[in-house]
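# with the input below, show me the fold.
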Amino acid sequence: MGILNVTPDSFSDGGDWYAHDRAIRHGRQLLADGAQLIDVGGESTRPGIVRTDAEEELRRILPVVRELAAEGAVLSIDTMRAEVAAECVAAGAAIVNDVSGGLADPAMLPTVAALGVPYVAMHWRAHSDEMQDLAHYVNVVTDVRDELAARVDAALVAGVRPDRLILDPGIGFAKTGAHNWSILEHLDVLIALGFPILVGVSRKRFLGDLLGDEHGPRPPRERDDASAALTTILALQGIWAVRTHSVRQHLDAVRVADRLSSR
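Presented below is the predicted three-dimensional model:
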């Protein structure tokens, strides 16, 4: 899953693809590099950010969704708003990727059920300006599993078909670096829920901390090798997809893992 942030303020590439023409060109490049899905987002969720309103979110992404979908791209729409999800599916998006798992907008789950598209529900506790205050767990692995299972139950009650559900552990969302590593070390607990798993680790802070030195964390754009190393491990575990900024590098990692696991 290639990341296409049509935002001025995302943590790694904010502003790079903010103009519609540049976003569309970058989407084409992600596809050329081998992305099977393009995840288009118009609202940054980096820690501490203040939310974008729905009108601005749609202004940013709708022209990009329309153009890339018309060219045959398979798109997921990264949004917490039912209104935005519905507009983008009408414009050609095929998947809704909701980092709040339906908690940010009570209309999201019934809307997705009515739309009949696959739905990614991520583990989430609060919006970006307060999520790190909630990074407290008895056992992060079982707590995340149980909270994701609750979102599954809510989605099913709302009418989302089980074969259209995908789960995301929410690496970096209301989690410390140690929490992130614990989840990645025990993904089998989440896989046991029986749903496809999407994982987004690309360029995230916990990798910057791991690779950092006395001057501080490694800058985001210098974390791609570490991100791809994780992708190799995740692919060997049978993860459904990884969400990444550097598609070709991660596709290479997946191909290596596929070759090893086929023997």
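# pull the longest helix from the chain.
The helix that spans the most residues within the chain, counting by DSSP state H, is helix 140-158.
# which other residues reach it?
With contacts defined as CB atoms under 8 Å, 6 or more residues apart in numbering, helix 140-158 is touched by 101-103, 109-110, 112-113, 119, 121, 123, 125, 137, 162, 165, 167, 169-170, 175, 179, 182-183, 186, 189-190, 193, 195. (C-beta placed from N, C-alpha, C; glycine too.)
# among those, which are in helices?
Among the contacts of helix 140-158, the members falling in helices are 109-110, 112-113, 179, 182-183, 189-190 (criterion: DSSP H).
# what subset of the residues you listed is buried?
Buried members of those, scored by 16 or more other CB atoms under 10 Å, are 109-110, 112-113, 179, 182-183, 190.
# which one of these is nearest to residue 90?
Distances from residue 90 to those, taken as CB to CB, are shortest for residue 112 (13.3 Å).
# how close does the nearest residue to the closest one once chain neighbours are set aside get to residue 79?
In space, and not counting its chain neighbours, residue 112 is closest to residue 119: 4.6 Å by CB to CB, 6 or more residues apart in numbering. With distances defined as CB to CB, to the nearest Å, the gap from residue 119 to residue 79 amounts to 11 Å.
# what touches both of these two?
Here residue 119 and residue 79 share the contacting residues 96, 98, scored by CB under 8 Å, 6+ apart.
# model confidence for the nearest residue to residue 103 once chain neighbours are set aside, exactly?
Leaving aside its sequence neighbours, residue 103 sits nearest to residue 124 (CB to CB, 6+ apart; 5.9 Å). What the model reports as pLDDT for residue 124 is 95.
# count of residues packed around residue 124?
With neighbours defined by other CB atoms under 10 Å, the count for residue 124 comes to 24.
# show me the shaky parts of the chain.
For the chain, the stretches flagged by pLDDT under 70 are 9-18, 48, 263.
# that one: helices as residue ranges?
All helices of the chain, identified by DSSP H, fall at 20-32, 54-70, 82-90, 108-115, 140-158, 177-185, 187-191, 205-211, 224-236, 247-261.
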